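Q: Fold the following and give me the result.
(chains A and B)
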Amino acid sequence: MLVGISRRDLLKRASLLAMAVPGLATVLDACASAVPTAKAKILRVGWTIEPDTMNPLTTYSTEAVEVLQLIYDQLMHYDLDLKPQPGLATSWTYSPDGKSITYTLRSATWHDGKPFTSADAKFTFDLIKSTKTSAYYQWVTSMVSTEAPNATTLVLHFSQPQAFNPGLAVPIIPQHIWTGMDATKIQKFVNSHPVGTGPYKFVNWIKGTSIEVERNESWWGTKPAAAKVSWTLFQNEDVMAQSLKTGSVDICPEIPPTIWRGLSSAPNLKTVSLPSFSFHHIGINVSDNPKSGGNPLLKDRNVRLALSYAVDRQQLVNVALAGLGTPGSALLPAGFGEWHLDIPESQQFNANPAKAEALLTAAGYIDRNGSGVRTSKGGKPLSFRLIAIQSTSVDVAAAQLFRNACAKVGIQLKLTLLDANSLGNTVYNAQAPNWDIFVWGWDAGVYDPDYMLGIPLCNQIGANNDVYYCNRHYDQLYNEQSVTIDHAARLALVHQAQQYYYDDAAYIIMWYQDKLQGYRTDTWQGWQPVNGGMVLNFTRDNYLKVRPA
Amino acid sequence: MARFRYLGRKVAWLAITLYGVVTFNFVLFHVLPGNPVRLLARSGHLTPQAVAAITKVYGLNHPLIVQYAIYLGDLLRGQLGLSYTYREPVGTLLGQYLGNTVLLLAGATLLTIVLGVLFGVIAANRRGGRYDSLTVTTSVIGWSLPTFWTGLILVFLLGVWLHAFPIFGSQTPNAVYTSPWLRYEDIAAHLFLPTLTLVIVNIAQFVLVARASVIEVLAEDFMLTARAKGLARRRILWRHAVRNAMLPIVTSSALLVGLVVSGAIEVETVFSWPGMGLLVYNSVLNRDYPVIEGAFLVFAIVVLLVNFASDLLYQVLDPRVREA
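A: This next block holds a predicted model:
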């Protein structure tokens, strides 16, 4: 007998469960189970997504990096202003041509007592380069050689100048543990007890429950106040928020808007809303692939501009996001500060249905049969398929608003809701992308314009490029900025690239959502607000700098 | 001799069924659309070289039939593959969750069988009385309830309104225990509601089967003989009647294991109990096919082995099977 459960059944039940559980929230308030803890020795984080692996070379999850960044030092780290500060490297210099970076390293000790030397750092970069499978490989693709002339010096040589310093991204791993592993071995290496040089040592990971690290008493930096840090996994956001209220966790780095609002009045609790490095967008299939099933009318820029003008981004923020965000425009979110291109409102393709109608009429799209839907000169209706992720309620709400706004200018959208993986598989079916328009979002993988600017590149088709945009001029702008070290010159190029992509209107960036966090004020103090979040961000300094309240 | 032939036939069927399950599992998850490498890399910024290297590491560059051969070969060597999410051998991963599931399921199964048989036998003994109709009605209501719904109702009643039991996880988050006993107490408290849910939805079959078969046995001639011999009523019931009524109960027990295993997926999800069921649920959402394949295989093996064991137990309990 086979186990009596069908997938459809399970998913159906799961969705019923999902409907029933939010109802719990109101009642859960009454359910307290506070645990008396010793006064603020452990810093306790609560979240709802479990890390994937403790292997820094194979992880793709933000949550894993959050834990690993306390265990493994990098050559450089971001401070609380997201400016580079020394890590294992006390200083770094670029060669005049920008193609070589020399790092001066400090003396440090691995968690197992062995000394750290430049050989470890050299080994790390060489390994990532030779195995190719790590997410960090993107930072060393143009690296040609590495050198460790003495125990405290590391030199990286590249074939072209490096605008982004890879020292800010790559965790340094010990040669004596990783030596001799090939790509396959590394993929299978669980790293169940990670050994780094960082401020915290790994204690344990109880799968499905929690991860714990303890302070490294022989760390080279200023010792953090928290003797331990723990991350507790919650399967349900309501229970997580409840635990924050009752004091069994100290900080929750990602809280959904409705629950976040409900927390603002709780005693000993502070909620913060910070600009993030994320956006949600409407993506339009502009694939040149002859096998693409996308509607060819979408390759007419006039149609894309009309779609963009039809929708009011402020309304999307107000309705779909409950006001907790900023209306979107350029590819880089406002959280990126000066890198973000500020397009004047008068020049944005936004909230102007009259302009949308004028554009369509001028391009020959007229309602020829009185059905309310415009048709092209060839008689093809402006009718497109729109897909969104069912469980992402903000996207569903946005898709509905978008559909209604487009109907008013004579464009018909047929909305279908899918689960996240089905949508991903549909959109990323690079051989034959058979879809017209979707809604979803992006989160920056690194605090540098490079990552998000890299999404619409020709060579990212089959990888990150979700709308199959491919434009030589854009690629050129991207390549130029990635090898420009002079800050002002690079900034100008980054702005140009954003303007160029915006003008082509393959993306309709709806909003930059806020990162909603909450923390207790009676356990730890000194949390510094940073763009992107106090924790679960590119800086680890809040973990290291908070003090007992 | 006949006994060995019987055993041989059973073992052969066991092997064939297992092979069927393995193949079905493999085909089911490999014909589904989607690019596993995309799933592996989630939102990573991957270079084409990285995509090619990962594809090779997972053997996804081979045609399906070759992948199938590799999968079977790995299975024979006891390897279930690598999880797409955790990038850890599936066997190791399942091992970390198995303990919690065994803790939950063993307790629930045992309680269901013992309590079910107890209530059923008493009901049979008081056939037609108020206790009988109350037991039968209550257990049938429990049997008709969906597992996840029962769990949610218990969460409301005993967890949220009465604050009697924790409703989430296997231990209180970040609790500091002063003695190991407090820790066991905490785990036991967390076990209570999921166990109760499984007992409520599954107990009816034991109540009904035990009741029916005991009633049947009580009507047999040798019961009259026993009473004529002057044996005590209680002794007749528990030593003579129940023993003869065991056969259908053993069958039900084997079937129950299958039900409890599938029920675990729902119960563990409702109560966030970190066991195999929750792992399967999350793996379905993450499309972590190697884990689902591995977990289903473990479930199938458990169910098959229990059925096999019950077949063997038949031989011990019933001489007629031995001769057949």
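
Q: Now do stretch A:90-103: everything it contacts.
A: Here stretch A:90-103 makes contact (CB atoms under 8 Å, 6 or more residues apart in numbering or on different chains) with A:75-76, A:89, A:104-106, A:121, A:153-162, A:165-167, A:483, A:485. To be clear about C-beta, it is placed using only N, CA and C from the backbone, and glycine gets the same treatment.

Q: Narrow these to those in strands?
A: A:76, A:89, A:104-105, A:153-158 (DSSP state E).

Q: For ChimeraX, write the select line for the buried members of these.
A: Per 16 or more other CB atoms under 10 Å in any protein chain shown, the buried members of those correspond to this ChimeraX selection:
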select /A:76,89,104,105,153,154,155,156,158
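
Q: Next up, the contacts around the residue in chain B that chain A sits nearest to.
A: The nearest approach of chain B to chain A comes at B:Pro274, 3.1 Å away (CB to the nearest CB). Going by CB under 8 Å, 6+ apart, B:Pro274 touches A:206-209, B:97, B:100, B:169-170, B:268.

Q: What of B:Val257?
A: B:109, B:302-303, B:306.

Q: ok, stretch A:203-215 near chain B or not?
A: Yes - using CB under 8 Å from any CB of the partner chain, we find that stretch A:203-215 touches chain B at A:206-210.

Q: actually stretch A:381-388, not the one I wrote
A: No - Stretch A:381-388 stays clear of chain B (CB under 8 Å from any CB), getting no nearer than 14.6 Å.

Q: quick check, distance from that stretch to the centre of its chain.
A: 27 Å (CA atoms, centre = their mean, to the nearest Å).

Q: Next: stretch B:50-67.
A: That offset, for stretch B:50-67, works out to 34 Å (CA atoms, centre = their mean).

Q: Could you tell me how many residues sit around A:Ser376?
A: For A:Ser376, the count of nearby residues is 18 (other CB atoms under 10 Å in any protein chain shown).

Q: Contact partners for it?
A: A:297, A:364-365, A:382.

Q: How about the closest residue to chain B within chain A, nearest residue that isn't a chain neighbour?
A: Residue nearest to chain B within chain A: A:Gly208 (3.1 Å; CB to the nearest CB). In space, and not counting its chain neighbours, A:Gly208 is closest to B:Pro274: 3.1 Å by CB to CB, 6 or more residues apart in numbering or on different chains.

Q: likewise A:Asn55?
A: A:Asn191 (4.2 Å).

Q: What about that neighbour, how many residues nearby?
A: Using other CB under 10 Å: A:Asn191 sits among 22 other residues.

Q: so where's the longest helix in the chain?
A: Just going to use chain A. helix A:487-504 (DSSP state H).

Q: Actually, chain B is the one I wanted.
A: In chain B, ranked by residue count with DSSP H as the criterion, the top helix is helix B:180-218.

Q: Quick one: mean pLDDT for that one?
A: Mean per-residue pLDDT for helix B:180-218: 92.

Q: got the buried residues for that helix?
A: B:186-187, B:190-211, B:213-215, B:217-218.

Q: same thing with stretch A:299-318?
A: Residues A:299-300, A:302-313, A:316-317 are the ones in stretch A:299-318 that count as buried (16+ other CB under 10 Å).

Q: Taking the centroid of the chain, which residue is nearest it?
A: Just so you know, I chose chain A. With distances taken as CA atoms, centre = their mean, the residue of chain A nearest its centroid is A:Asp443 (2.4 Å).

Q: To clarify, I was referring to chain B.
A: Note: chain B centre (CA atoms, centre = their mean) maps to B:Val261, 2.3 Å.

Q: I'm done for today, thanks for sticking with me.
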